[in-house]
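> everything below, folded, please.
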Amino acid sequence: MSELMPDQVPEKWGDISGAYAKIFEPLTAQFAEEVLDRVQPKTGERLLDVAAGTGYFSLAAAKKGADVLATDFSEGMVKHLQQRIDDELIHNIQAKVMNGEALSVDDASFDISTSIVGLIFFPDIDQGFAELKRVLKPGGRCAVVCWDFPENFDMMKLLRQAIADAVPDFEMPTQTPVWARLCGTAALKEKFEQAGFRRVDVYCHHGRLKIDSPEEFWTAFIASSPPMHALFQSLGEDNTRLAGNAFVRLVSDGSYGQPPVLKATACIGIAYNEPEESL
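From the prediction side, this is the model:
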């Protein structure tokens, strides 16, 4: 990809870290907890979290006893996470700015490597997988979470419908979103296998996001990720307000329950770095 998209620029993630934590973390935390249940970090094991974002998974893994290195390419995200580490007085976790496509860590130095809906934004996804494998010790575990197909993502379906209803002449971007370049269990398994993992388990996990206040949700949602920020800048202030009114109507009409609950499906892959002689 020759030209970087907004969600591939480090500074843009730092600008929205607070809104991201409010909108997406309550959803992605459900997938993080599922991964924790599967990889079972033990006290003293070394765990590398790549594209750690606001840090829910990293913090939870540290509380399980793992020695965690949380990395992200965005200095703003790392500062956000470091503040959480300081506030919670957790001592077995470090947060560092690092490019997930070229990690500044030794080969075979971690028991567990992970990326929870983070690697999916990399310009070179294959290189991200290769790095997650490179850093693993023999017998280590790797976990990657991506989204399932967009039609299984209520939040994005509602967004498109709200804009279409409120501003019918607005042309939505037609190119595949960065995060949707890797969707579905088959594609996720293939990426693991291309990276050299021979034992891979992939499955879907369904998340639910309760909307206590559709109006407050919308206010944070429009600034919750770099592509959202770019979209609503191009839409303009007045049209964004109209789209917000439409979004609130759609999410509150009873179709999603009372209070509304939005669903999203993620694909979770767990791979094992088995030594050659064990195969």
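> Tyr256 contacts Leu262, correct?
Yes: counting by CB atoms under 8 Å, Tyr256 does reach Leu262; the two are 6.2 Å apart. C-betas here are computed from N, CA, C, even on glycine.
> shared neighbours, these two?
Asp154, Ile211 (CB atoms under 8 Å, 6 or more residues apart in numbering).
> okay, and Ser58 sits in which element?
For Ser58, the element it lies in under DSSP states H and E is helix 56-63.
> quick one: contacts of whichever helix or strand comes after that helix?
Downstream of helix 56-63, the next assigned helix or strand under DSSP H and E is strand 67-72. Outside strand 67-72, the residues that touch it by CB under 8 Å, 6+ apart are 13, 44-53, 55, 58, 61-62, 78, 81, 92-98, 100, 103, 105, 110, 118.
> cool, and stretch 213-232?
Outside stretch 213-232, the residues that reach it (CB under 8 Å, 6+ apart) are 5-7, 9, 12-13, 15-16, 19-20, 22-24, 155, 159, 173, 177-178, 211, 240, 244, 247-248, 251-252, 260.
> wait, doesn't Thr43 sit right on Ala66?
Yes: using CB under 8 Å, Thr43 makes contact with Ala66 at a distance of 7.4 Å.
> those two: which is more packed in?
A count of neighbours by other CB atoms under 10 Å puts Ala66 above the other of Thr43 and Ala66, at 27 against 9.
> any idea how far Leu4 is from that one?
Ala66 is 32 Å from Leu4, where distance means CB to CB, to the nearest Å.
> what do you get for Ile23?
23 Å.
> which of those two has more neighbours?
Ile23 (23 against 12).
> nearest spatial neighbour of Phe129, skipping sequence neighbours?
Of all residues not flanking Phe129 in the chain, Ala195 sits nearest, at 3.9 Å (CB to CB, 6 or more residues apart in numbering).
> need phi/psi at that neighbour.
Backbone torsions of Ala195, given as degrees, to the nearest 10, read phi -80, psi -10.
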